[in-house]
Structure formats: structure tokens, C-alpha cells
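A.B. asks: 3D model of this:
(one chain, ligands or ions: 1)
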Amino acid sequence: MQKINEKKFNKILADIKSVKIQGARNIAKAALYAYHLNPGKSSMKKLIKARETEPMLVNVLKKAKKENYGKILKHFDSAQAKINKDVLKIIKSGDIIFTHCHSTNVSNALIYAKKKGKKFQVYNTETRPLYQGRRTARELRKAGIKVTMFIDSALSVAIEKENRKDKIYSNKIFLGADPLLRKGIINKIGSNLIAKIGRMEKVPVYIIADSWKFSSKNVPIEERKLNEVWNKAPKNIKIKNPAFEFVPKKYLTKIISEHGILSYGEFVGKMKN
Ligand code: RUB
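C.D. replies: Numbers count the residues shown, from 1 in each chain. Alright, predicted model coming up:
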């Protein structure tokens with residue numbers, strides 16, 4: 001039995017490291033399960049090290065030391081259910097919602113809104129180099145939501161009014177989040193530019209995220225393998241592959257978490273209490 005659990009633990013650990021399991025919520029949930037299979041100090045260390053820049057993973061594992069597995073697990077769905085209800089309130093018929101990368105909190109809320117009869121469509125980006133946007137597109141399409149995919153560098157075409165001759169441009173931006181920090185959030189690379197354009201074009205930017213992603217400490221930006229960008233690149237070319245970036249709160253219209261629809265400042269105030 002112990003051997004089977006160890007094997008499962010190692011598989012989850014490897015899948016978190018290789019980004020096969022991706023997104024803050026999925027990583028935290030998988031790590032919680034792995035820890036439940038194989039609890040102890042060494043497991044905790046290995047799991048945290050697998051994605052040190054994900055506060056939800058760290059927060060969940062810290063809880064796992066003291067609290068019951070089933071109780072912690074319930075939080076994921078109960079928080080999502082509250083988020084879904086609030087996202088439903090802000091989606092209007094005819095909306096074109098722009099999103100980036102793959103966020104379970106965002107996808108679930110959109111799928112819920114579709115099930116509740118809202119008529120909207122989604123614009124999304126491929127999200128190079130790992131193409132998590134394809135996962136989003138597949139999931140939403142399967143739920144019957146119309147999806148239009150753009151290459152990453154076309155994001156302003158998808159958002160800016162003056163770029164679209166057909167007058168079809170996004171009127172809301174939904175982004176997920178990895179760390180929720182005091183002064184803003186960190187999310188997939190590209191999120192800062194998207195939020196900046198949203199602000200310039202008066203397209204509201206909503207962060208859709210579980211509050212367990214909050215961290216009162218600063219979190220470094222994760223840099224990923226360079227061969228994701230260019231495999232076997234010539235030796236004298238320098239490559240950068242920051243996987244995430246900071247988005248200051250001044251670009252964020254609201255954050256929708258299980259604590260409701262709040263301004264970012266109000267949300268941080270709640271987290272401090
Ligand atoms: C995923 C990403 C997501 C957040 C939130 O990046 O940036 O927006 O993790 O996701 P990667 P969720 O694919 O590199 O992990 O809502 O699923 O927690």
C-alpha cells in the first residue's frame with residue numbers, strides 16, 4: 001500500500017514540476033492529494049519546492065498539517081460556487097469576454113454562466129510557449145461557448161475598439177491569478193499588457209480568483225526552461241522565459257473571490273483581518 005502511495009505521490013510531483021498539472025488551483029488540489037497519500041515533512045518540502053511561487057499550494061499544505069483532508073478539499077468547490085454566482089451577476093447578454101492562458105476559476109465561472117442561460121462569447125489567446133489557451137478554448141467550446149482564438153501578439157486587436165473594423169471587440173476582461181499580493185496580482189506573462197490595454201480602452205478588468213491565493217509576502221516571478229521558447233537555439237542567443245508577471249492593482253476594476261465582488265483594496269483589507 002505504502003509503495004503504491006509513494007508511486008502516486010512521485011507521479012503527481014513530477015506532473016506539477018513539468019506543468020502537466022497547471023494553474024494555481026489544480027496544482028494546490030493535486031499537492032493536497034499527494035500530501036494526503038504520503039504525509040510528512042519531506043513530502044511537504046518536495047511539494048512546495050515543485051512550484052514555490054504558488055501561494056495557494058503553500059497555504060493548502062500548511063492547512064493540511066493541522067486540518068482534515070476532506071474539509072480542506074471542500075473549500076475548492078465551495079469557493080468556486082460563490083465565485084460562479086457573482087460572475088453570473090456581471091455577465092450581460094452579448095458580452096465578449098477576453099481571457100488569457102488557462103484558469104480553472106475563470107473557465108468554471110464561464111461554463112456556469114453558460115449553463116444558466118447567459119449569451120456571450122469568449123476571445124482568448126494561445127499563450128505561448130505552452131499553449132494553455134488551447135485548453136481553455138477546448139473546455140469552453142465543449143460547454144457550448146463560442147470561442148475565438150488570437151495569437152498572443154494580436155491581443156490588442158481583440159481588445160481595442162479602433163482596431164476592429166467589424167466593431168466586435170471585448171467589453172470585459174477576465175484573468176485568473178497565481179499569487180494575490182497586497183499591491184496587485186501575479187498571473188501568466190502577458191497579463192500586465194492585457195490589463196494595461198483594458199485600462200486604456202476602458203474595458204473593465206476582473207480578477208477571478210479563490211482568496212486562498214493570497215500571500216502577504218512577496219513572491220518571485222517564475223522563470224521557465226529556455227528550450228520552451230526555442231529548442232536547440234544557436235548558442236550565442238540569449239533567451240528569456242518569464243512565465244508570469246505582476247499586474248498592479250491600479251489596472252484592476254474588481255476582484256471576484258468567494259468574498260464577493262470587491263475593489264482590490266477592499267479585498268486586501270479583508271485578507272489582513
Ligand atoms: C496558469 C495561470 C492561471 C492561474 C490561475 O499558468 O496563469 O491564470 O494559475 O489559474 P500555468 P486557476 O499554466 O503556467 O500554471 O484559476 O486554475 O487557479
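A.B. asks: pLDDT weak spots in this protein?
C.D. replies: The chain contains residues with pLDDT under 70 at 1, 162-168.
A.B. asks: same thing but 90
C.D. replies: 1-4, 157, 160-169, 272-273 (pLDDT under 90).
A.B. asks: quick check: domain ranges of it?
C.D. replies: With domains defined by automatic domain parsing, the chain comprises 2-67, 81-272.
A.B. asks: The ones you listed into a markdown table, with extra columns for distance to L73?
C.D. replies: In short, each C-beta sits where N, CA and C put it, glycine included. Output for the domains of the chain, formatted as a markdown table (distance: least, C-beta to C-beta, whole Å):
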| stretch | distance to L73 |
| --- | --- |
| domain 2-67 | 7 |
| domain 81-272 | 12 |
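A.B. asks: In JSON lines: those domains, plus mean neighbour count and distance to the ligand.
C.D. replies: Output for the domains of the chain, formatted as JSON lines (neighbours: other C-beta atoms under 10 Å; distance: least, C-beta to the nearest ligand atom, whole Å):
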{"stretch": "domain 2-67", "mean neighbour count": "18", "distance to the ligand": "3"}
{"stretch": "domain 81-272", "mean neighbour count": "18", "distance to the ligand": "3"}
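A.B. asks: quick one: P39 and A64 touch, right?
C.D. replies: Yes: if you go by C-beta atoms under 8 Å, P39 and A64 touch, sitting 7.4 Å apart.
A.B. asks: can you map out the strands along the stretch 51-200 of the chain?
C.D. replies: 95-99, 120-125, 146-150, 172-175, 184-188 (DSSP state E, counting those that start in this stretch).
A.B. asks: Any chance of these in CSV with distance to G269 as columns?
C.D. replies: Below are the strands of the stretch 51-200 of the chain laid out as CSV (distance: least, C-beta to C-beta, whole Å):
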stretch, distance to G269
strand 95-99, 27
strand 120-125, 31
strand 146-150, 36
strand 172-175, 21
strand 184-188, 15
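A.B. asks: so which of the ones you listed gets nearest K8?
C.D. replies: strand 184-188 (28.2 Å; C-beta to C-beta).
A.B. asks: Who are the packing partners of that closest one?
C.D. replies: strand 244-248 (3 or more C-beta pairs under 8 Å, 6 or more residues apart in numbering; DSSP states H and E).
A.B. asks: where does the strand it packs on sit relative to the chain's centre, distance-wise?
C.D. replies: 12 Å (C-alpha atoms, centre = their mean, to the nearest Å).
A.B. asks: so after it, what's the next helix or strand?
C.D. replies: Sequence order places strand 254-257 as the next helix or strand after strand 244-248, per DSSP states H and E.
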